[in-house]
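K.L.:
What follows is a predicted structure for the sequence shown.
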Amino acid sequence: MIYEAVVSSPPLTLLRNAEVFAPEPRGRCQVLVGGGAILAIEPAFSELPPGLCQVFDLGGARLIPGLIDPHVHLTGGGGESGPSSRVPGVLFGELSRAGVTSVVGVLGTDGTTRAVAGLVASTLALRDEGLSAWCWTGSYEVPPITLTGSVRSDIVFVDPIIGLGEVAISDHRSSQPTFDEVARLAADCHVGGMMSGKAGVLHLHLGDGPRGLELVRRLLDETELPPRVLYPTHVNRKRRLFAEALELARRGCTIDVTAFPVAEGEDALTAADAIVEYLRSDAPRDRLTVSSDGGGCLPTFDAGGRLLAMEVGSPGALAATLAELLTRGHALEAVLPVFTANVAALLRLQKKGRIAAGADADLVVLDDSHRIREVMARGRLLVRSGEAVSLGTFER
């Protein structure tokens, strides 16, 4: 960005010469921001009164909506190999530098030493620091741990909580929930969402067990639950699992791929490969999302369930996946909804995921190499020329 005017706390920001992808291409535009929102998008604006507006000239750089990450272990994941394997929490700057302006926090295997109360507190802390943040109640286990005593009342009464997750199925670390237990949890999510106007989604962790997505298929076949309530993640961890997930997307479920590393010869799909395969299929384009599993443990187990090795998920995996897709030559407007508009639609975040008048001013500028250059969240500049200009409380 070229900083053209320096004023004292101007109420408006004008982004000039932005090549806007909203996520659909809008061409060269001027974007006016004020009060944390996008006020207008026009080919040109007449001169604004002096001192009213700070101006940034993007010089034709691509302007996209802020990335939405629906699966981040804000308080840290892991713990499958003793206390020393508990992963530290994710900090504000890790998210903002990665272009993530909206995030949904999650607990994983460990719902014993980590609790929903702590996750809600971390979610609210990110809001205080300048990001938009929500969280799932519960963890892998069934019956789920909650804040108020029930999934439904957590969704209805606790502002940041938008659903239940990540409940583990087809995984040796799960509680081995029955069909009836999962159906009841999904029903509580659905009705809680209706009562609160929130997403009301059951976010399901998929392991690599042979049952795969069988429980989800049964829920579609044997209950009246709408498909949108069921939101499985990690579906790219096995090729057969991804094939099952494609069928669920055709039936109305939104599926989530994880941007984890994949070794050469491994029976898995990278997030980029999964996105390409999905978009080449006949599945609805708006039923796919991608998440980072940031702060989560990415473990390797032996046949006896003993942890052999682990990596840690990074919030930067979303931006890296987007850059990989663009480097391969895929059109930005084709892949961008997976990171933005599709997530916002499923999670009922009406002012997120798009560049439009009235939407929140969550904006990211990409450089010529497809990397994150500038980040604005709710109208506040967080990253400039790839460097953080606003830090979290414990990063200063």
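P.N.:
Yep, it's here.

K.L.:
After the lowest-mean-pLDDT helix or strand in the chain, heading C-terminal, what element do we hit next?
P.N.:
For the chain, the helix or strand with the lowest mean confidence is strand 2-3, at a mean of 40 (criterion: mean pLDDT, DSSP states H and E). Following strand 2-3 in sequence order, the next helix or strand is strand 12-21 (DSSP states H and E).

K.L.:
Residues in contact with that following strand: which ones?
P.N.:
By C-beta atoms under 8 Å, 6 or more residues apart in numbering, the residues outside strand 12-21 that reach it are 4, 26-34, 39, 41, 45, 48, 52-64, 332-333, 336, 355, 361, 363, 365, 376, 379. For glycine as for every other residue, the C-beta is placed from the backbone atoms N, C-alpha and C.

K.L.:
Show me what the following helix or strand past it is in contact with.
P.N.:
Using DSSP H and E, the helix or strand that follows strand 12-21 in sequence is strand 25-34. With contacts defined as C-beta under 8 Å, 6+ apart, strand 25-34 is touched by 11-20, 38-45, 53, 60, 63, 332-333, 355, 361, 363, 376, 379.

K.L.:
and the residues you listed, which are buried?
P.N.:
By neighbour count, with 16 or more other C-beta atoms under 10 Å, the contacts of strand 25-34 hold 12-16, 18-20, 38-39, 41, 53, 63, 332, 355, 361, 363, 376, 379 as buried.

K.L.:
show me where this protein has helices.
P.N.:
92-96, 116-129, 151-157, 179-196, 214-222, 239-250, 271-280, 317-327, 332-339, 341-346 (DSSP state H).

K.L.:
List the buried residues for the last one?
P.N.:
Buried residues in helix 341-346, counting neighbours by 16+ other C-beta under 10 Å, are found at 341-346.

K.L.:
Quick one: low-confidence residue ranges for the chain.
P.N.:
For the chain, the stretches flagged by pLDDT under 70 are 1-10, 298-302, 305, 307-310.

K.L.:
Try it again at 80.
P.N.:
1-10, 45-51, 79-81, 84, 297-312, 396 (pLDDT under 80).

K.L.:
The residue minimising distance to the centre of the chain and His234: what is the separation?
P.N.:
By C-alpha atoms, centre = their mean, the mean C-alpha position of the chain lies nearest to Asp69, the distance being 1.5 Å. Per C-beta to C-beta, to the nearest Å, Asp69 is found 14 Å from His234.

K.L.:
Same question for Pro88.
P.N.:
On the measure of C-beta to C-beta, Pro88 and His234 end up 21 Å apart.

K.L.:
One more: Thr109?
P.N.:
13 Å.

K.L.:
Which residue of the two possesses the greater neighbour count?
P.N.:
Taking neighbours as other C-beta atoms under 10 Å, Thr109 and His234 compare with His234 leading, 28 against 22.

K.L.:
was I right about the more buried one contacting Gly209?
P.N.:
No - checked against C-beta atoms under 8 Å, the pair His234 and Gly209 is beyond contact range at 11.8 Å.

K.L.:
Contacts only, for Ala359.
P.N.:
37-38, 65, 351-352.

K.L.:
any chance of these in a markdown table, with distance to Ala283 too?
P.N.:
Converted to a markdown table, the contacts of Ala359 look like this (distance: C-beta to C-beta, whole Å):
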| residue | distance to Ala283 |
| --- | --- |
| Ala37 | 33 |
| Ile38 | 31 |
| Pro65 | 22 |
| Lys351 | 27 |
| Lys352 | 23 |
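
K.L.:
Out of those, which two sit at the greatest distance?
P.N.:
By the measure C-beta to C-beta, Ala37 and Pro65 form the most distant pair in the contacts of Ala359, at 13.0 Å.

K.L.:
and these two? which has more neighbours close in?
P.N.:
Neighbours per residue, other C-beta under 10 Å: of Ala37 and Pro65, the larger number sits with Pro65, 29 against 17.

K.L.:
Between the two ends of stretch 214-229, how far is it?
P.N.:
End-to-end span of stretch 214-229 (C-alpha to C-alpha, to the nearest Å): 16 Å.

K.L.:
Also stretch 30-50?
P.N.:
End-to-end distance of stretch 30-50 (C-alpha to C-alpha): 18 Å.

K.L.:
Stretch 313-321 too?
P.N.:
With C-alpha to C-alpha applied, stretch 313-321 spans 13 Å between its terminal residues.

K.L.:
Check stretch 346-361 too.
P.N.:
Start-to-end span of stretch 346-361 (C-alpha to C-alpha) is 20 Å.

K.L.:
buried stuff in it?
P.N.:
By 16+ other C-beta under 10 Å, the buried positions in stretch 346-361 come out as 346-349, 351-355, 359-361.

K.L.:
So what's the residue count around Leu225?
P.N.:
The number of residues packed near Leu225 is 16, by other C-beta under 10 Å.

K.L.:
In contact with it: list those residues for me.
P.N.:
183, 186-187, 190, 219.

K.L.:
for those, which one is nearest His203?
P.N.:
Ala186 (10.6 Å).
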